[in-house]
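1. Give me coordinates for this.
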Amino acid sequence: MKNTQFLLAKRPIGTPTRDNWDQVQVDVPPLNDKQVLIKVEYISLDPAMRGWMNDAKSYIAPVQIGEVMRASTVGVVIDSNDPAFKEGDYVFGHGGVQQYAVSEGKDIHKIDTKIAPLERYLGVLGMPGMTAYFGLLNTGLPKEGETVVVSGAAGAVGTVVGQIAKIKGCRVVGIAGGKDKCQYLVDELGFDGAIDYKNENVKQALKTHCPKGIDVYFDNVGGEILDDVLTQIRMHARIVVCGAISQYNNTTPVKGPSNYLSLLVNRARMEGIVVFDNVKHYSDAASEMAKWIGEGKLKAKEHVVKGIEHFPETLLMLFKGENTGKLVLKVDNE
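-> Next comes the predicted model:
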């Protein structure tokens, strides 16, 4: 049986291209004791993957040249030498960008497709959902009646952040690119307002939408938008640094916030979050979010692209703002 894989061929300078990966076909190896063979059904595409391609110190080791590109995956067990897993079990893991993944068993866990569609375990019930849940609730600490602003608001993390903030009784303003995305945030997800950074003056729009200032800012983009928000924060504001997608493909140094003294003036706090710090509590968060989904309080949307062969171009959709909701690659073309 042949396995299509995408291996990191060279580290990108600026925006990645197809040349940064080698698409190869290899034989699926026989299983050793305690190993599990998984047919990958869906691959999660996330902005963090761009950072993993760099040979730089981070919260996780970079992907090495010649290695399968790292990615979260969901799939079905088709062979098992581990008594904890049987054929037909659906599992979440970090199988990478390939059709088949061999796991040691300890790095995967079972998921229930009766509760939610398989691809949802890469979105609301997966890492993006966990990032939103723990980043907002544990670090942002929103209180009822406060104003929460989230950038990258139409993406996998941002859509969940905004909805959880609404569930907690906050006023929510999203920043996204394009009229359709902004309309989706307000009309479908119940945001109180949306700012189209492609066609509006963000600083002026923030003054309009947040006349009393911003209590919590969940930052997915960094750059100029972070700087604009810093001019509008309230006393004791909390800024959650989740990502900086506007900076990931820079060929020049990352642009830091020039308005950072606003943190001093307002006795505010800026704190980074990494979802892996909360792994012990994933199941509790998933249970609560599944309950919210069942009650109609939390909506989920996956943007699915078919065909593993389209991986390089599909990943770049994240940086062009072409996805609404969680971007997922379906391995098969069917």
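
2. When you work out contacts or count neighbours from here on, use the C-alpha atoms and nothing else.
-> Fine.

3. The residue nearest to the spatial centre of the chain: what's its closest spatial neighbour, skipping adjacent residues?
-> The structure's the chain has its C-alpha centroid closest to residue 128; by Cα atoms, centre = their mean the separation is 3.9 Å. Among residues not flanking residue 128 along the chain, residue 157 sits closest, at 4.9 Å (Cα to Cα, 6 or more residues apart in numbering).

4. Tell me who's in contact with that neighbour.
-> Shown in contact with residue 157 (Cα atoms under 8 Å, 6 or more residues apart in numbering): 128, 129, 131, 132, 326.

5. Including pLDDT and distance to residue 319, could those residues go into TSV?
-> Below are those laid out as TSV (pLDDT from 0 to 100; distance: Cα to Cα, whole Å):
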residue	pLDDT	distance to residue 319
128	92	16
129	94	20
131	95	19
132	97	19
326	91	13
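
6. Mind checking which of these land in strands?
-> Counted as lying in strands by DSSP state E, out of the contacts of residue 157, are residue 326.

7. mind giving me a markdown table with the contacts of residue 157 and columns for distance to residue 193?
-> Shown next, in a markdown table, are these (distance: Cα to Cα, whole Å):
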| residue | distance to residue 193 |
| --- | --- |
| 128 | 22 |
| 129 | 21 |
| 131 | 22 |
| 132 | 19 |
| 326 | 21 |
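
8. List just the nearest of the contacts of residue 157 to residue 141.
-> residue 132 (12.0 Å; Cα to Cα).

9. And the closest one, how close does it get to residue 126?
-> Noted for residue 132: a distance of 10 Å to residue 126, by Cα to Cα, to the nearest Å.

10. Export whichever strand or helix holds the residue nearest to residue 128 to CSV, keeping only CA atoms.
-> If you go by DSSP states H and E, residue 157 is part of helix 156-167. In CSV, the C-alpha atoms belonging to helix 156-167 read as follows (Å, rounded to 0.1, in the frame of the first residue of the first chain):
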residue,chain,number,x,y,z
ALA,A,156,-11.2,29.0,13.2
VAL,A,157,-10.1,30.5,16.6
GLY,A,158,-11.7,33.9,16.2
THR,A,159,-15.2,32.7,15.5
VAL,A,160,-15.2,30.6,18.7
VAL,A,161,-13.6,33.4,20.8
GLY,A,162,-16.4,35.8,19.8
GLN,A,163,-19.2,33.3,20.5
ILE,A,164,-17.9,32.2,23.9
ALA,A,165,-17.5,35.9,24.8
LYS,A,166,-21.2,36.4,23.9
ILE,A,167,-22.2,33.3,25.9
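
11. between the helix or strand following it and helix 156-167, how big is the angle?
-> Later in the chain than helix 156-167, the nearest helix or strand by DSSP H and E is strand 171-176. Relative orientation of strand 171-176 versus helix 156-167 (axes from the mean of the first three to the mean of the last three Cα atoms, to 10 degrees): 160 degrees.

12. So what are the sheet partners of strand 171-176 and their directions?
-> Next to strand 171-176 in the sheet, as set by DSSP bridges, lie strand 147-151 (parallel), strand 193-196 (parallel).

13. This completes my enquiry, with thanks.
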